[in-house]
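S.K.: below is the structure, and that's it, no one-letter string:
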Ligand code: SAH
Ligand code: SF4
Ligand code: F3S
C-alpha cells in the first residue's frame, strides 16, 4: 500500500485498490432486457449493501454490466467518512454526466452514506441525479426507478430501527467466489465525536442469527472458503429470540457460524475496544477456523484525545485489552485505525499515538488525518485547530512507525510455516500466487501445478517486507 492509498482508504477489510470497483453479478441474469452498472465506495458494509441492491434489481428483471455505456441505470454507492471520499464521488458524477448526455433515458442513482447525509440537497446540487436512496431504503428502489422512468426524480432517506435485509439473499458481486461478507448488524449507537456513521446509518440493530447461519450455509454450498462478518461494532451484536427471550451474543454467533463448515475461515470486523470481551477471545482460541486476527481501532494513543473523541476508553483500558488478547491467543494479530491531528492534539498526544503502535505491536493500521464532518459532535463543539501541514507531518510519522513495527513483526515469521488461502496471482508476477494467513498477512509464493485460487497451501517463509511475507510451498506438518 502506498501513502496515497492509505490516505484515501476509509476502510479496513476492503483493499484500497478496490475502491470504486465495478462489480458484476457472477451469475448473469440471462435474457434480461435492462442493465444496471454499480460502483461502490467506502467500507465493507457498503460493498455488502451493493449485493443487497443487486438482489433487489435481479428480482426486478435487471442484469448487471461492467460497461456503463451499456447501462440503463448507473448506481453509485457512496461514502461520507472523510471529505476526500465525498470528493471522489462528485468526480464520478461528472463522468456519469457525460454518459448520460449520450444516452436518452439513462437513470443515475446515488445510494449509501452520502445520499443519507445530504438528502434532498443532492437533488438540488446535482441535476443529473434521478434517484437518492439511503442505506435503509433499498427496498424502495424499484418504485423510485419506475417514477424516474416517468420523469419524476425521487428520494427516500428514511432510516429504520428494524431494517436488516435479513430475508434478502445477496447476489454475490465479488469476483473470486472465495471470500464473501455477511452483514450481521446495521447502524451504530456509539457517538464518536469525529464520526458521521451514526448519522448516515442510523441506530444499531442486530440481524436474526438464523438467517446469518443460513446465509453462511449457502456460501458453504457455493464453495466459499472465507466469510467475514460485518458490523460497525460487532462486539455489541445482540439478538433476542422473540419466542424464548434467549439472547444470542456475538461470541455465540461467531461459534454458530464457525460450526457451519470447519473448512471455512471466519473473520469479523470491526471490534470496539470498549466492547470486545473474553468470550470472543476464547471463541477465537477454541475454533481453528476463526482467524487469529482482530481489527481493534484505537484512533489515538492519548487518553485526553480519546475522551474528546468520545471513544469511552482510555489508553490504559486499551492496553489491558491488548494484553488479554495476547494472553489468551498468543499468535493473534491486532490491527488498528488511527486518526492524526484531531482537534487540540498536541505533540505530546501525537507521541503517545506513536508509542501505542509500538507497544500494541499492530501488524497494520489504516491511518488518516482528521477530516471534519458537518453535523458531528466534534464539528459542533471543537475547533479543527491542527494545521493541515502538521496533520500531514504527523500522519507521515505514524505511517513510518507503523511500517517499522510491521517489519519487525514480520521478521518473527521468518522460518515459520503458515496455511494460506490462495486468492489469485500476486500483483507483481503471474508465476506467483498471493493469499493470506490466519493473521491476515499477505503471503506470496511460487505457483505449483494443480494448485488454484480457493485452495489452501502451506508456505514456509524465507523473506519479508513490511507488507508481505514471501516463501515456498512445503508439505503440511
Ligand atoms: N466502526 C469502526 C470505524 C468505522 S469508520 C470503529 O469504530 O472502529 C473507519 C475509520 O475511519 C475509523 O476507525 C476512523 O479511524 C476513520 N474516521 C472516521 N471518521 C473520520 C474523520 N472524520 N476523519 C478522519 N478519519 C475518520
Ligand atoms: Fe463511527 Fe465510532 Fe460508530 Fe465506529 S464506533 S462507526 S467510529 S461512531
Ligand atoms: Fe463510509 Fe458509510 Fe462505511 S460513511 S465508511 S460507507 S458506513
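M.R.: On my side now, so go ahead. What you see is a predicted model, and the numbers here were worked out from it, not measured in a lab. Ligands and ions are numbered 1, 2, ... in the order given.

S.K.: contact partners for the closest residue to ligand 3 within the stretch 251-400 of the chain?
M.R.: Here the residue of the stretch 251-400 of the chain nearest ligand 3 is residue 373; by Cβ to the nearest ligand atom that distance is 8.9 Å. For glycine as for every other residue, the C-beta is placed from the backbone atoms N, C-alpha and C. By Cβ atoms under 8 Å, 6 or more residues apart in numbering, the contact list for residue 373 reads 80-83, 194-196, 379.

S.K.: and these, which are buried?
M.R.: For the contacts of residue 373, a burial check counting by 16 or more other Cβ atoms under 10 Å picks out 80-82, 194-196, 379.

S.K.: excluding residues flanking it in the chain, which one is nearest residue 250?
M.R.: Closest residue to residue 250 apart from its sequence neighbours, by Cβ to Cβ, 6 or more residues apart in numbering: residue 237 at 4.0 Å.

S.K.: which residues touch the one you found?
M.R.: Taking Cβ under 8 Å, 6+ apart as the definition, contacts of residue 237 comprise 184-185, 206, 231, 248-250, 253.

S.K.: about what we covered before: out of the buried ones among the contacts of residue 373, who's near ligand 2?
M.R.: Filtering those for neighbours of ligand 2 using Cβ under 6 Å from any ligand atom leaves residue 195.

S.K.: nearest to residue 121 among the buried ones among the contacts of residue 373?
M.R.: residue 80 (12.4 Å; Cβ to Cβ).

S.K.: the residue positioned nearest the centre of the chain and residue 55, how far apart?
M.R.: For the chain, residue 44 is the residue whose C-alpha lies nearest the centre (Cα atoms, centre = their mean; 2.8 Å). Distance of residue 44 to residue 55, given as Cβ to Cβ, to the nearest Å: 17 Å.

S.K.: ranges for the strands of the stretch 251-400 of the chain?
M.R.: With DSSP state E, counting those that start in this stretch as the criterion, the stretch 251-400 of the chain has strands at 265-269, 293-295, 333-340, 364-369.

S.K.: now do the third one: distance to the chain's middle.
M.R.: Average the C-alpha atoms of strand 333-340, do the same for its chain, and the two points are 14 Å apart (Cα atoms, centre = their mean, to the nearest Å).

S.K.: is ligand 1 contacted by it?
M.R.: Yes: interface with ligand 1: strand 333-340 contributes 337, 339 (Cβ under 6 Å from any ligand atom).

S.K.: which residues does the closest residue to ligand 2 within the stretch 301-450 of the chain contact?
M.R.: Nearest residue of the stretch 301-450 of the chain to ligand 2 (Cβ to the nearest ligand atom) works out as residue 311 at 7.3 Å. Applying Cβ under 8 Å, 6+ apart to residue 311 gives the contacts 192, 273-274, 299-300.

S.K.: just those that are near ligand 2?
M.R.: Applying Cβ under 6 Å from any ligand atom to the contacts of residue 311, those adjacent to ligand 2 are residue 192.

S.K.: longest helix anywhere in the protein?
M.R.: Of all the segments of type helix in the chain, defined by DSSP state H, the longest one is helix 388-411.

S.K.: report the angle between that helix and strand 333-340.
M.R.: Per axes from the mean of the first three to the mean of the last three Cα atoms, to 10 degrees, the angle that helix 388-411 makes with strand 333-340 is 170 degrees.

S.K.: what's the first helix or strand after helix 388-411?
M.R.: Sequence-wise, the next helix or strand downstream of helix 388-411 (DSSP states H and E) is strand 417-425.

S.K.: strand partners of that following strand, parallel vs antiparallel please.
M.R.: Sheet partners assigned to strand 417-425 using DSSP bridges are listed as strand 432-436 (antiparallel), strand 456-464 (antiparallel).

S.K.: okay, those, which one's buried deepest?
M.R.: Of all the strands paired with strand 417-425, strand 432-436 has the most neighbours on average by mean count of other Cβ atoms under 10 Å, namely a mean of 21.

S.K.: could you pull up the mean pLDDT of it?
M.R.: The average pLDDT for strand 432-436 rounds to 97.

S.K.: which residues sit against that strand?
M.R.: Strand 432-436 is contacted from outside by 420-427, 442-447, 451, 453, 457, using Cβ under 8 Å, 6+ apart.

S.K.: relative to strand 364-369, how tilted is the helix or strand following it?
M.R.: Remark: after strand 432-436, the chain's next helix or strand is strand 442-446, criterion DSSP H and E. For strand 442-446 against strand 364-369, the angle by the same axes, to 10 degrees is 130 degrees.

S.K.: strand 442-446 packs against which elements?
M.R.: Under the contact definition 3 or more Cβ pairs under 8 Å, 6 or more residues apart in numbering; DSSP states H and E, strand 442-446 sits against strand 417-425, strand 432-436, strand 456-464, strand 468-473.

S.K.: ok, now with 7 Å
M.R.: When contacts are defined as 3 or more Cβ pairs under 7 Å, 6 or more residues apart in numbering; DSSP states H and E, strand 442-446 sits against strand 432-436, strand 468-473.

S.K.: can you give me the angle it makes with strand 468-473?
M.R.: Inter-element angle recorded for strand 442-446 and strand 468-473: 40 degrees (by the same axes, to 10 degrees).

S.K.: show me what counts as buried in strand 442-446.
M.R.: In strand 442-446, counting by 16+ other Cβ under 10 Å, buried: 442-445.

S.K.: centre of the chain to that strand, how far?
M.R.: Offset of strand 442-446 from its chain centre (Cα atoms, centre = their mean): 23 Å.

S.K.: what ranges do the strands span in the stretch 101-250 of the chain?
M.R.: Using DSSP E, counting those that start in this stretch, the strands of the stretch 101-250 of the chain run over 107-112, 131-133, 154-156, 179-183, 185-186, 205-206, 226-230, 238-240, 247-249.

S.K.: so which of those strands is nearest ligand 3?
M.R.: Per Cβ to the nearest ligand atom, nearest to ligand 3 of the strands of the stretch 101-250 of the chain: strand 107-112, 5.8 Å.

S.K.: contacts for that closest one next, please.
M.R.: Residues from elsewhere that reach strand 107-112 (Cβ atoms under 7 Å, 6 or more residues apart in numbering): 42, 46, 49, 53, 72-79, 96, 100, 122, 128-133, 135, 145, 148.

S.K.: of the residues you listed, buried ones?
M.R.: The neighbour-count criterion (16+ other Cβ under 10 Å) marks 42, 46, 49, 53, 72-79, 96, 100, 122, 128-133, 135, 145, 148 among the contacts of strand 107-112 as buried.

S.K.: distance of residue 421 from residue 257?
M.R.: 17 Å.

S.K.: with neighbour numbers in mind, choose between these two.
M.R.: Using other Cβ atoms under 10 Å as the criterion, residue 421 and residue 257 rank with residue 257 on top: 25 against 21.

S.K.: surely that one touches residue 213?
M.R.: Yes: contact criterion Cβ atoms under 7 Å: residue 257 and residue 213 qualify, at 6.3 Å.

S.K.: ok, back up a step: got CSV for the contacts of residue 237, with distance to residue 164 and neighbour count too?
M.R.: CSV is the format used below for the contacts of residue 237 (distance: Cβ to Cβ, whole Å; neighbours: other Cβ atoms under 10 Å):
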residue, distance to residue 164, neighbour count
184, 9, 25
185, 7, 24
206, 7, 24
231, 10, 27
248, 14, 18
249, 17, 19
250, 15, 28
253, 13, 25
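
S.K.: was I right to think residue 231 contacts residue 187?
M.R.: No: taking contacts as Cβ under 7 Å, residue 231 lies outside contact range of residue 187: 8.9 Å.
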